[in-house]
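K.L.:
quick one, fold the following:
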Amino acid sequence: MTDAPLIAILDDEPEIRRLLSAALEEAGFRTIGFARATEFEAALRRIQPDACLIDLGLPDRDGLALVHRLASESGAAIIIISGRAQVQDRVTGLELGADDYIIKPFEPAEVVARIRARLRKPQRDAGPGRQQVRFAGWSADFDRYTLTSPEGAETPISHAEAEVLRLFLDNPRRLISRAQMLETLGGTAGESFDRAMDVRISRLRTKLGEDPKNPRLIKTIYGAGYIFLAELG
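P.N.:
Predicted coordinates:
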């Protein structure tokens with residue numbers, strides 16, 4: 001079990017933490033629970049969870065601000081669990097870097113399935129050496145969730161950004177439609193998914209030093225999708 005993925009659960013309701021821990025551990029995951037954001041953030045100095053389940057209604061911290069920080073600094077998959085059911089809440093959470101959004105009340109089996117889907121995606125077709133990919137002078141490290149520029153400058157990327165970049169790198173010089181993104185990356189079709197993809201691609205372009213008016217690597221084909229133009233290797 002020491003190699004089992006570690007799932008961090010941040011929710012101030014003990015019963016929800018217990019319910020999620022029981023379901024996840026039965027499914028073969030390791031879990032660690034926290035009631036407050038301060039405890040969770042302190043623990044991140046010594047642990048590296050593979051996925052984080054984050055409740056937005058925290059007693060000591062704004063949950064969305066925490067999600068944004070995790071997306072910027074951590075390679076963990078981030079799944080929001082919240083009673084906020086409005087479309088705008090889901091859109092905002094995904095735009096800030098969450099990989100998924102689950103509305104309370106939920107079925108524990110659904111949470112387990114969503115985590116499995118999120119953790120499975122970055123390992124897609126990862127043969128020997130495929131966790132580090134070079135393209136157009138850049139290097140993407142999917143173990144460390146970093147991008148290294150041709151000049152050697154290193155920039156962290158979030159789990160969500162890594163999923164999109166991996167999809168492009170697996171399909172260079174091919175049109176990637178929204179439907180293919182939805183099928184490959186998972187999610188629910190609609191405005192929240194489309195907005196989340198737009199934000200992730202915009203962040204990738206920024207980290208790749210792209211000119212937003214004339215990007216060289218990630219081209220938008222309006223009404224159709226995107227094409228990744230870089231040569232690999």
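K.L.:
centroid residue for this structure?
P.N.:
In the chain, the C-alpha nearest the mean C-alpha coordinate belongs to Ala160, at 2.8 Å (Cα atoms, centre = their mean).
K.L.:
so where's this structure uncertain?
P.N.:
1-2, 120-130, 187-189 (pLDDT under 70).
K.L.:
tell me where it has helices.
P.N.:
14-26, 37-43, 63-73, 87-95, 108-120, 159-170, 178-185, 191-207 (DSSP state H).
K.L.:
which strands or helices does the second one pack on?
P.N.:
To tie it back to what came earlier, the one meant is helix 37-43. strand 6-10, strand 30-34, helix 63-73 (3 or more Cβ pairs under 8 Å, 6 or more residues apart in numbering; DSSP states H and E). Every residue, glycine included, has its C-beta placed from N, CA and C.
K.L.:
not counting it itself, show me its contacts.
P.N.:
With Cβ atoms under 8 Å, 6 or more residues apart in numbering as the test, helix 37-43 has contacts from Ala8, Leu10, Ile32, Phe34, Leu58, Asp60, Arg61, Gly63, Leu66.
K.L.:
who's in contact with the first one?
P.N.:
Put plainly, it is Ala8. Thr31, Ile32, Gly33, Phe34, Phe40, Ala43, Ile47, Pro49, Ala51, Cys52, Leu53, Ala76.
K.L.:
next one: the last one
P.N.:
Contact criterion Cβ under 8 Å, 6+ apart gives Leu10, Ala37, Phe40, Glu41, Ile54, Leu58 as the residues in contact with Leu66.
K.L.:
from Ser192, how far out is the third one?
P.N.:
By that I understand Phe40. Between Phe40 and Ser192 the computed distance is 25 Å (Cβ to Cβ, to the nearest Å).
K.L.:
neighbour count: these two, which is higher?
P.N.:
More crowded of Phe40 and Ser192, by other Cβ atoms under 10 Å: Phe40, with 24 against 20.
K.L.:
domains in the protein, by residue range?
P.N.:
6-123, 132-228 (automatic domain parsing).
K.L.:
doesn't Leu10 make contact with Ile54?
P.N.:
Yes - between Ile54 and Leu10 there is a contact under Cβ atoms under 8 Å: 5.1 Å.
K.L.:
about what we covered before: now a PyMOL select for only the buried ones of the contacts of helix 37-43.
P.N.:
Burial among the contacts of helix 37-43 is assessed by 16 or more other Cβ atoms under 10 Å; the matching PyMOL selection reads:
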select buried, resi 8+10+34+58+63+66
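K.L.:
for the contacts of helix 37-43, give me a markdown table that also has distance to Ser202.
P.N.:
Putting those into a markdown table (distance: Cβ to Cβ, whole Å) gives the following:
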| residue | distance to Ser202 |
| --- | --- |
| Ala8 | 28 |
| Leu10 | 27 |
| Ile32 | 33 |
| Phe34 | 31 |
| Leu58 | 28 |
| Asp60 | 31 |
| Arg61 | 26 |
| Gly63 | 23 |
| Leu66 | 22 |
